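> how would this look folded up:
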Amino acid sequence: MKLIIAEKPMLVSAISDAIPGEKRCIAGSTWVTKGDYTLISVFGHLLTLKEPEDYDERYADRSDVSLLPLYFEDWGMKVKPPDEKHKDSPPEKRLNEIGKLLTQCEFVIHAGDPDEEGQLLIDEILRWFNYQGKVYRLDTLDTTPDAMRYAMAHLHDNKNYESAGWSAYARSVADAMVGYNLSRYFSIINAPALLPVGRVQTATMGLVCQRDALIEGHHKVQYYEVAAELDIDGQRIGAMYIPAKDDLNLEDGRILNRTYAETKAAMIRDEMLQNVIVSRKTVDEQPPLPFNLSKLTSYCGRKFGYSPMEVMNITQSLRDNYKAISYNRTDCQYLTERQYAQSGATMDAVIRNIRFKPKQLDMSIKSRCFSDKYTTDSDGAHTAIIPQAIQVDVGKMTEQERNVYLAICKYYMAQFLPPAKKEKSRLTVSLVDGGNLTSTATKTVSPGYLSIFKKDADIEPDDVSPLCALAPGTYTADVKDAVVLE
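Next up, the predicted model:
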């Protein structure tokens, strides 16, 4: 028997779908069998660090400062106490079931999430039972059957991944050392107040307090700019006055004195300016990279008003309930070369699912997102969030799930669309005081990927002005007006 220990029940289902044979569930057990494999899942950590009083009862006294600092040469583990969510299958019961299976298996396949915490989840169980047999690592978070079959055929030695689990363990010990010692210390010296201190939470609270203090202590200061209206060959063009960098009347680069700003407006007003230079260049604007969790959260907050927790729950549902997207808790915006090779099948599935195909879609385009250089590994465990090559009934999704799924699909499709071509025009003229007047404008001449990004939360609209109609060259400008903006 070959034992697969997965992090989540949904992963047990995905792996079993990729294994040939008949799935069998034994009555009263929490595992399933298929072919030569037995699959069982955990549900978060089944083990946790011991409390100080687990080492010595005297540490139960949280008011004795002489007991500090608390430090243990070996920070041991204990079975996690049951909680309300898992009262029907408490950690101790699940742990004992895994322990029994470990005595019967030929080898173990570690199927925790391919991150540090996912590595620790299974490693700590194997250490708990002092398992000495062979352990392989299933290193993928693409839950489609084809991807899972590939991963099962390309297992890795778990020893190559154990350092990631030890890193997560070390982080938990650091959290415990800070929490136990500083929480007790500050609570004792400020009794009867209870002051919890956390390695992460207290630092974060410090950032919030610093920002609050800056906001409360902020003093609004009015500053002034000068805007001019130019007439060039009958075209009315707005321009802004840019003071000389060495202007002694500036504070932090700004004009704070209205009278001084008025003198600059008067200097420009009704002038006939020579040597007004208009330049233009055409640039390619590449599509935005696919989402990571942070970018997706920001996007959904701006466009749909979803909170970070809502985005997390929506993406988890898209992953667990539909297998519609790749790993959602990633901080990477790049994809692997292998994912580029698979992009045809993925795009076919996306087009079928959302019933939309952009006119300029070109699967031979290889955007900058496809690079093994910027991904954690070549198997795509930590890569951008993209749709999976699987049929999904979008009609069964909630409105929130559909909105997020379509956004992920759109940003993936953009990788196979040509860049947008834009003309960027610039007007500049030097003034007698060392400052200058400038104006810029942008006009899209070929939309490329922008054709699917109309009114999108992350795409800035063109800044079109009459400047776009002027041919590059040198002109004379009649300043029709100049006003001070507060």
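> Endpoints of stretch 467-475, how far apart?
End-to-end distance for stretch 467-475, by Cα to Cα, to the nearest Å: 12 Å.
> How far away from the center of its chain is it?
42 Å (Cα atoms, centre = their mean, to the nearest Å).
> which residues in the stretch 201-350 of the chain form strands?
Counting by DSSP state E, counting those that start in this stretch, one finds strands in the stretch 201-350 of the chain at the ranges 225-232, 235-242, 250-251, 254-255, 272-285.
> Output the below-cut-off pLDDT ranges for the protein.
Residues of the chain meeting the criterion pLDDT under 70: 27-29, 86, 376-381, 457-458.
> longest helix in it, by residue count?
helix 162-189 (DSSP state H).
> Show me what that one is packed against.
Judged by 3 or more Cβ pairs under 8 Å, 6 or more residues apart in numbering; DSSP states H and E, helix 162-189 is in contact with strand 47-49, helix 116-128. Where C-beta positions appear, they are placed from N, C-alpha and C, glycine not excepted.
> Can you give the distance of the last one from its chain's centre?
Pointing back at helix 116-128 there. 25 Å.
> Kindly report the same for the shortest one.
For strand 47-49, the gap between its own C-alpha mean and the chain's C-alpha mean amounts to 28 Å (Cα atoms, centre = their mean).
> One more: stretch 412-426?
For stretch 412-426, the gap between its own C-alpha mean and the chain's C-alpha mean amounts to 23 Å (Cα atoms, centre = their mean).
> May I see the buried residues of it?
Neighbour counts using 16 or more other Cβ atoms under 10 Å place 412-425 of stretch 412-426 among the buried residues.
> What of stretch 187-202?
Neighbour-count burial for stretch 187-202 [16+ other Cβ under 10 Å]: 187-188, 197, 202.
> any chance of these in TSV, plus distance to D372?
Formatted as TSV, those follow (distance: Cβ to Cβ, whole Å):
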residue	distance to D372
S187	50
I188	53
V197	41
T202	38
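> Can you show me the strands along the stretch 51-200 of the chain?
Going by DSSP E, counting those that start in this stretch, the stretch 51-200 of the chain shows strands at 77-79, 107-111, 135-137, 156-157.
> So which residues make contact with the shortest one?
By Cβ atoms under 8 Å, 6 or more residues apart in numbering, the residues outside strand 156-157 that reach it are 135-137, 139.
> picking up where we left off before, next, format the strands of the stretch 51-200 of the chain as CSV and append distance to G448 and mean neighbour count.
Below are the strands of the stretch 51-200 of the chain laid out as CSV (distance: least, Cβ to Cβ, whole Å; neighbours: other Cβ atoms under 10 Å):
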stretch, distance to G448, mean neighbour count
strand 77-79, 55, 15
strand 107-111, 41, 24
strand 135-137, 41, 20
strand 156-157, 40, 13
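> Out of the ones you listed, the one nearest F304 is which?
strand 107-111 (33.2 Å; Cβ to Cβ).
> Just checking: what are the partner strands of that closest one?
Strand 107-111 sits in its sheet next to strand 2-6 (parallel), strand 135-137 (parallel), going by DSSP bridges.
> Residues in contact with the longest one: which ones?
Taking Cβ under 8 Å, 6+ apart as the criterion, the residues outside strand 2-6 that touch it are 12, 15, 36-42, 98, 101-102, 104-112, 122, 125, 138.
> switch the cut-off to 7 Å
Identification of contacts with strand 2-6 by Cβ atoms under 7 Å, 6 or more residues apart in numbering yields 12, 15, 36-42, 98, 101-102, 105-111, 122, 125.
> The stretch 201-350 of the chain: helices as residue ranges?
Using DSSP state H, counting those that start in this stretch, the helices of the stretch 201-350 of the chain run over residues 201-216, 258-268, 293-304, 308-320, 337-341, 343-354.
> so which of the strands of the stretch 201-350 of the chain gets nearest G217?
Smallest distance to G217 across these (Cβ to Cβ): 18.3 Å, for strand 250-251.
> hmm, back to that, would you turn the strands of the stretch 51-200 of the chain into TSV with distance to E285?
Formatted as TSV, the strands of the stretch 51-200 of the chain follow (distance: least, Cβ to Cβ, whole Å):
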stretch	distance to E285
strand 77-79	53
strand 107-111	41
strand 135-137	41
strand 156-157	40
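> of the ones you listed, which approaches T476 most closely?
strand 156-157 (71.0 Å).
> How far away from the center of its chain is that closest one?
For strand 156-157, the distance to the chain centre is 28 Å (Cα atoms, centre = their mean).
> and it, which strands flank it?
Neighbouring strands of strand 156-157 in its sheet, by DSSP bridges, are strand 135-137 (antiparallel).
> Contacts made by the partner strand with the rest, please.
Taking Cβ under 7 Å, 6+ apart as the rule, strand 135-137 contacts 107-110, 126, 155-158, 161.
> same check, this time on stretch 410-420
284-288, 290-291, 347, 350, 358, 360-363, 365, 367, 369, 386-387, 444, 446-450, 452.
> Mind checking which of these are buried?
285-288, 290-291, 347, 350, 358, 361, 365, 367, 369, 386-387, 447-450, 452.
> Grab the nearest non-local neighbour of L230.
A477 (4.3 Å; Cβ to Cβ, 6 or more residues apart in numbering).
> just T438 next, same as before
T428 (4.9 Å).
> end-to-end on stretch 25-38?
Stretch 25-38: ends 10 Å apart by Cα to Cα.
> Enumerate the positions of that stretch that are buried.
31-34, 37-38.
> any chance of the helices of the stretch 201-350 of the chain in JSON lines, plus distance to Q274?
Shown next, in JSON lines, are those (distance: least, Cβ to Cβ, whole Å):
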{"stretch": "helix 201-216", "distance to Q274": "46"}
{"stretch": "helix 258-268", "distance to Q274": "14"}
{"stretch": "helix 293-304", "distance to Q274": "45"}
{"stretch": "helix 308-320", "distance to Q274": "55"}
{"stretch": "helix 337-341", "distance to Q274": "54"}
{"stretch": "helix 343-354", "distance to Q274": "55"}
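> To T440, which of the ones you listed lies closest?
helix 258-268 (18.1 Å).
> now for the closest one, which elements pack on it?
strand 225-232, strand 473-485 (3 or more Cβ pairs under 7 Å, 6 or more residues apart in numbering; DSSP states H and E).
> Can I get the strands paired with strand 107-111 in JSON lines including distance to I268?
Shown next, in JSON lines, are those (distance: least, Cβ to Cβ, whole Å):
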{"stretch": "strand 2-6", "distance to I268": "71"}
{"stretch": "strand 135-137", "distance to I268": "69"}
